[in-house]
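Participant: Below: sequence and its predicted model.
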Amino acid sequence: MGYSADEILDIIENKTQFFQLLTTFNLNLLPKTGIFSGTKIADEINTLAGNRTIEELNIPFICRAADILHFKEVVFTQGNIGLAVKASCSIPGFFSAVEYNHHILVDGSVLGPVPIQLIRKHFHGPVLASNLIAYDSLDDEHAHKVNRSIKGDLLSRILPIADPVIKSFLLIQSRITALEYQMTPPDISVQFSGTYHPTLSNMQKIKYKLINDGYQAAISTLEKTGF
């Protein structure tokens, strides 16, 4: 959309109410395909984009979703950016699937979290990928602490299945990501090490560490590769 890194961070800092809405007032009372409707995600993205379409954005944008009705990939290169983002991040079972042009769409990472071939098909130049699924196992002591923190979270009190659904999805994605990196490696790969145990209740506490570690890893990688 043309925002700088600092502007994005500022947006996140000032959108506390938005994220609260995602976990409270945006619940599906009669869920068919997901716990949350995700409508507010689309609305917020469109607002941040100034209600511009994908083709009107300052920076070229592309994303994909998985059509679970026809078992195929749907690529967004034009049209409503809010709808495209909502469809491409609708984690199955967590966010409702998106109905669009006779498609039933869910998170595009179901087809693979690292769409290197798709990017190379539509854009020229080096492809940079950042592994955001640096997931490690929990020891018994830490798992107990995490479970205690989850119990205090509003979302998990209402819907105890939410956190396990996300963790199961991330576990599957981490395995697929490893295979994709081997089959179609990006030109630049940003990897950062660390022990992170994000839950629905502690994300606010660790977000600055995640942001800083990611920034340092990106700078280090770019310096080493010469880009």
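Facilitator: Everything's here; your move.
Participant: Relative to Phe123, how far out is Lys86?
Facilitator: Going from Lys86 to Phe123 by Cβ to Cβ, to the nearest Å gives 23 Å. Bear in mind the C-beta positions are built from the backbone N, C-alpha and C, glycine included.
Participant: which of those two has more neighbours?
Facilitator: Lys86 (26 against 11; other Cβ atoms under 10 Å).
Participant: Which of the helices or strands spans that one?
Facilitator: Assigned by DSSP states H and E, Lys86 belongs to helix 81-88.
Participant: in terms of contact count, name the helices or strands touching the helix or strand following that helix.
Facilitator: Sequence order places strand 93-95 as the next helix or strand after helix 81-88, per DSSP H and E. Helices and strands touching strand 93-95, as assessed by 3 or more Cβ pairs under 8 Å, 6 or more residues apart in numbering; DSSP states H and E, comprise strand 34-36, helix 162-183.
Participant: and if we set it to 10 Å?
Facilitator: Counting by 3 or more Cβ pairs under 10 Å, 6 or more residues apart in numbering; DSSP states H and E, the packing neighbours recorded for strand 93-95 are strand 34-36, strand 103-107, helix 162-183.
Participant: just how off-centre is the second one within its chain?
Facilitator: Strand 103-107 has its C-alpha centroid displaced from the chain centroid by 15 Å (Cα atoms, centre = their mean, to the nearest Å).
Participant: So which bits of the helix or strand following it are buried?
Facilitator: Using DSSP H and E, the next helix or strand after strand 103-107 towards the C-terminus is helix 116-122. Within helix 116-122, the residues that qualify as buried by neighbour count (16 or more other Cβ atoms under 10 Å) are Ile116, Leu118, Ile119.
Participant: Looking at these, spot the one nearest His102.
Facilitator: Leu118 (21.7 Å; Cβ to Cβ).
Participant: I figured the closest one hits Ser88, correct?
Facilitator: No - contact criterion Cβ atoms under 10 Å: Leu118 and Ser88 do not qualify, at 11.5 Å.
Participant: where do the contact lists of the two overlap?
Facilitator: Ile62, Cys63, Arg64, Val75, Gly108 (Cβ atoms under 10 Å, 6 or more residues apart in numbering).
Participant: looking at the helices and strands packed on strand 93-95, which one has the lowest mean pLDDT?
Facilitator: Ranked by mean pLDDT, the helices and strands packed on strand 93-95 end with strand 34-36 at the bottom, a mean of 71.
Participant: Strands of this protein, residue ranges please.
Facilitator: Along the chain, counting by DSSP state E, strands occupy 34-36, 63-67, 72-76, 93-95, 98-100, 103-107, 128-130, 188-190.
Participant: Dump those into a markdown table; add distance to Glu56 as well.
Facilitator: Output for the strands of the chain, formatted as a markdown table (distance: least, Cβ to Cβ, whole Å):
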| stretch | distance to Glu56 |
| --- | --- |
| strand 34-36 | 28 |
| strand 63-67 | 16 |
| strand 72-76 | 14 |
| strand 93-95 | 26 |
| strand 98-100 | 19 |
| strand 103-107 | 22 |
| strand 128-130 | 24 |
| strand 188-190 | 28 |
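Participant: right, so of these, which gets closest to Ala5?
Facilitator: The closest of those to Ala5 is strand 128-130. By Cβ to Cβ, the value is 12.9 Å.
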